[in-house]
Structures are given as structure tokens and as C-alpha cells.
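Visitor: Provide a 3D model corresponding to the input given below.
(one chain, ligands or ions: 1)
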Amino acid sequence: MTDEMNQELTRSMPKPTMSLTVKILIGMFLGAAIGLLYNLTFEHGAILQMFGADPANYTNVQSVINSALFEGILKIIAAVFVASLKLIVVPLVFVSLVCGICGLTDTSKLGRLGGKAVGLYLLTTAVAISIAVAAALVVMPGADVHVDVAKTTFAAKEAPSLVQTIIDMFPTNPVKAMAEGKMLQVIVFSILFGLAIALSGERGQRIANIFEDLNEVIIKLVRILMYLAPYGVFALVARVFSTVGLDAIAGIMKYFFLVIGVLFVHAFVVYPTILKTIAKLNPLVFLMKMKDAALFAFSTSSSGATMPVTMETATEKMGVRNTIASFTVPLGTTINMDGTAIMQGVATVFIAQAFNVDLTLTDYLMVVLTATLSSVGTAGVPGVGLIMLTMVLQQVNLPVEGIALIIGVDRLLDMTRTAVNVTGDCMVSCVVAKTEGELDEEVFYAAENGSSSAKTQAS
Ligand code: ASP
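Guide: Take a look at the predicted model:
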């Protein structure tokens, strides 16, 4: 048999194991199916009624299933999965950022790099919210929603001010910052520490070597933990669908689908356009390689917990060198929330329409500005978008109680917008890397899994 025939045969043979993405997808759909089945049977009662049974007679069965399954086994699996992702975040940011800074051949590059990343993050967020506001003004999702003001209650939470956010970026105690997972503080400390190592000559080099070895170990840890993903995703999604139920969407259908629509436009039109025009990269390759990170984000609703996977995607799949990714990914996870901004844009217009309040052009500009800046100070965890929305609504004197109207579907939207948030982090990482000459295009265009590992360039 010739070599060619041999290769052909190997290619046409079924792969022995399913890819991780397929396993995660199966976990996600099974989770959604079980959650919905439970919801429609017991919470909603439709399935029992279909069989002529009275849901009231089955409350005992429901409570057993709920406490054993959704509040028992699945709760444990979901919590362990999310914890295992979160536990790597601080060591990963610290170690990879120190490595990245040590690897910078020219430390004066740091300022330009930072400026570019922050600029792009803020710009894409401002674009996102502007599209969202414009789309909502055209579609008018809140025009036929009638609000009973007396019945709407929502307790507003405090959102941090911009001044406080800037002050808070600087840690007084790095160990405390790490223990509390204060990402911006960890980033600032890691940059300073990395700079000091880079400037410490031979001794510094010894420490830098240790950090590089540590970086390899942490990357390995991320890979190991990713094997838990299909089970974790199954448990997370099952729990969400067991409580949310789809009837929450019925009343505010227009709002729900408008947010989803704008999220898709941003991910599939705006990002590809930026990638194509500024970085001259093929957006289809980019989107294909985003799938694992997007699925993690979708099921965890947390860009923070997804960060290890986002980092892996940026470096190993897209070829962004560690000097760039170690900085842009953690930064993006913290300050870049385009998906969240889109929800806020649509929600603000929706609430204004539902409460019959006319907003002026200046108000809309305020909305864009406040939402963009507030995204800097809020961490990527589930539900944070609503806290930021409070700030935006207050800025233009809209009733914060309006949030009660949309809270029912927010969990589902949170999943989708978090996927957009992490896609934005990777997109900006690619653009910054490409313009800095730090993107390995061979890795970017290599077939997944078949690529030479980018970690060799990481060092
Ligand atoms: N869950 C989002 C994130 O982690 C934030 C939000 O929109 O609530 O990126």
C-alpha cells in the first residue's frame, strides 16, 4: 500500500473518540431536555395535565426528585465544575502574566499594548450598545407592554463608581487581592512583579525560568479539568432549565429575541468585520475555533470561570503569543462585556417604552457612556449585567423597578451574552497580537488538534 493510500485510509477511518466539543454539546442538550421535562411536568404541570393527572397530587414526587436530583447530585456536579474552573483563574493570571511580561523583549511596548487593548475593548463595547439602542428604537420591544407600577419590585444593588474602580485597581495587599479574586488588582501586581523580574538580570532570569515551568503545569491543569466539562455542563444546564421554564419568555418575546438577534449580529457581523479589516484574518476560522470557549461561557454564564478556556483558545488554537494573551485575556474577562452592554441597551429602551418615558438623544449618549464605563468595574460573573443596568437606568432617571420586567428571562440571556463576551476577548487578543506581530498565523490557520502547540512560542 502506498503512503498516500495509507493516509487516505487513516483519514476516512472513524475517529476513536468523540471530540470534546461534541461531548459538551451532548451534555448541554441532555441537560436542557431533562431540565425542561422536569419543569413542564412538575413546575408548569402541562405534561401531567396532558395525561389527565392533577399536578397537586404529585408534589411529593416533585420534592423528592428536586431534592435528590436538581438540589442534590446535579448541584454538587455543577458546583464542583465551576469551582474547578475558578480555582485555576488566579494562578493562571498571575503566572502567565508574569511570564508574558518577562517575555516582552521591549518593555516600553507594554504601554502601547495596554492602550490598544483597552481602547479596542471600550470601542467594541460602545459599538455594541449603540447597535442595541438603535435596534430597540426601531423594533420597539416595550411598546405594547403595560406596566402595573405598583406590582413591580426590584431591590437595586450598589454598582461601583468609576472613581472607586480606578482606586480599587491598585492592591494594598497582593495576597488579599488574590484571595478575593480581584482581577484588576491581580493584573496590576503581576505586571509590576513581571517587570521587576525582567529588570533583575541573572537572578531575575532564574525566577523567570521557574515561572515558565509553572506556566506549563497550569496549562496541563486546565486540560485535565476540561475533561469534566461535559458532566459539568449537563448539570448546569439541567438546573437552569428546571427552574426557568420557557413561559417566562412569552410576555416579553420581542425583548428576548431582540437581545438574541443583536448578540448574533455582534458576534457574526461586527467581530468578523473588525477581524477582516484590521487584522486581515479569516473570521470563519476564528468563529470555528471559538466554539469550546463559547460553550463553556454559555453553560457557566461566567466569563471569569471560562477564562482558563478562553486563554487556551487564544494561545493554543489561535496562535496569540503568551506575551499578548496573558495580558489581553484576563483584562478582557474583567473589562470587556459587549454582550452585557447589548442587553443593557435593549433593556433601557424597553423599560423606557414600557413606562412611557421619552428619552432624549443626550440620554441615549449617557446610556452608551455609562454602560461602557460601568463594564470596566464589574466582574464577569453570572447576573452582574443586571447590577450594571441599575447604574445605567439611574443615570437617565428611569425606574430601577423596570428590571423586574426582564429578570425572568435574564438567566437565559446571561448564557448567550457571556458567550459573546468571551468571543470579544479572543477577537481583541487576535487583533492586538496581529498588529504587534505576535500572532502565529500557522497556528491560527492550522486544523484544530492537529496544530503544533503554541506553547512553544509562549516561552
Ligand atoms: N455573566 C456575564 C459574564 O460573566 C456578565 C453579565 O452579563 O451578567 O460575562
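Visitor: what comes up buried for stretch 214-232?
Guide: Buried residues in stretch 214-232, counted by 16 or more other Cβ atoms under 10 Å: L214, N215, I218, I219, L221, V222, L225, M226, A229, P230, Y231, G232. The way it works is simple: take the backbone N, C-alpha and C, and place the C-beta from them, glycine included.
Visitor: I'd assumed the first one was in a helix, is it?
Guide: By that I understand L214. Yes - L214: assigned to a helix according to DSSP: H, G, I helix; E, B strand; the rest coil.
Visitor: I'd say it and V95 touch.
Guide: Yes - using Cβ atoms under 8 Å, L214 is in contact with V95, at 4.9 Å.
Visitor: Any residue of stretch 418-434 touching the ligand?
Guide: Yes - using Cβ under 6 Å from any ligand atom, a contact is recorded between stretch 418-434 and the ligand, made by T418, N421.
Visitor: what about that stretch, distance to the chain center?
Guide: Mean C-alpha position of stretch 418-434 versus that of the full chain (Cα atoms, centre = their mean, to the nearest Å) differs by 10 Å.
Visitor: CA atoms only: put it into CSV for me.
Guide: Output of stretch 418-434 as CSV, limited to C-alpha atoms (Å, rounded to 0.1, in the frame of the first residue of the first chain):
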residue,chain,number,x,y,z
THR,A,418,-21.5,35.6,28.2
ALA,A,419,-20.6,33.6,25.1
VAL,A,420,-20.4,36.9,23.2
ASN,A,421,-18.3,38.5,25.9
VAL,A,422,-15.6,35.8,25.7
THR,A,423,-15.7,35.9,21.9
GLY,A,424,-14.9,39.6,22.1
ASP,A,425,-12.0,38.9,24.4
CYS,A,426,-10.4,36.5,21.9
MET,A,427,-11.2,38.8,19.0
VAL,A,428,-9.4,41.7,20.5
SER,A,429,-6.5,39.4,21.6
CYS,A,430,-6.1,38.3,17.9
VAL,A,431,-6.2,41.9,16.6
VAL,A,432,-3.7,43.2,19.2
ALA,A,433,-1.4,40.2,18.5
LYS,A,434,-1.6,40.6,14.8
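Visitor: Could I get the buried residue list for it?
Guide: Neighbour counts using 16+ other Cβ under 10 Å place 418-434 of stretch 418-434 among the buried residues.
Visitor: Okay, now the unreliable bits of the stretch 151-300 of the chain?
Guide: Residues of the stretch 151-300 of the chain that meet the criterion pLDDT under 70 lie in 151-162, 245-248.
Visitor: In a markdown table, list the buried residues of stretch 214-232 along with secondary structure and distance to G204.
Guide: What follows is the buried residues of stretch 214-232, written out as a markdown table (DSSP: H, G, I helix; E, B strand; the rest coil; distance: Cβ to Cβ, whole Å):
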| residue | secondary structure | distance to G204 |
| --- | --- | --- |
| L214 | helix | 15 |
| N215 | helix | 16 |
| I218 | helix | 20 |
| I219 | helix | 22 |
| L221 | helix | 25 |
| V222 | helix | 26 |
| L225 | helix | 31 |
| M226 | helix | 33 |
| A229 | helix | 37 |
| P230 | helix | 42 |
| Y231 | helix | 42 |
| G232 | helix | 39 |
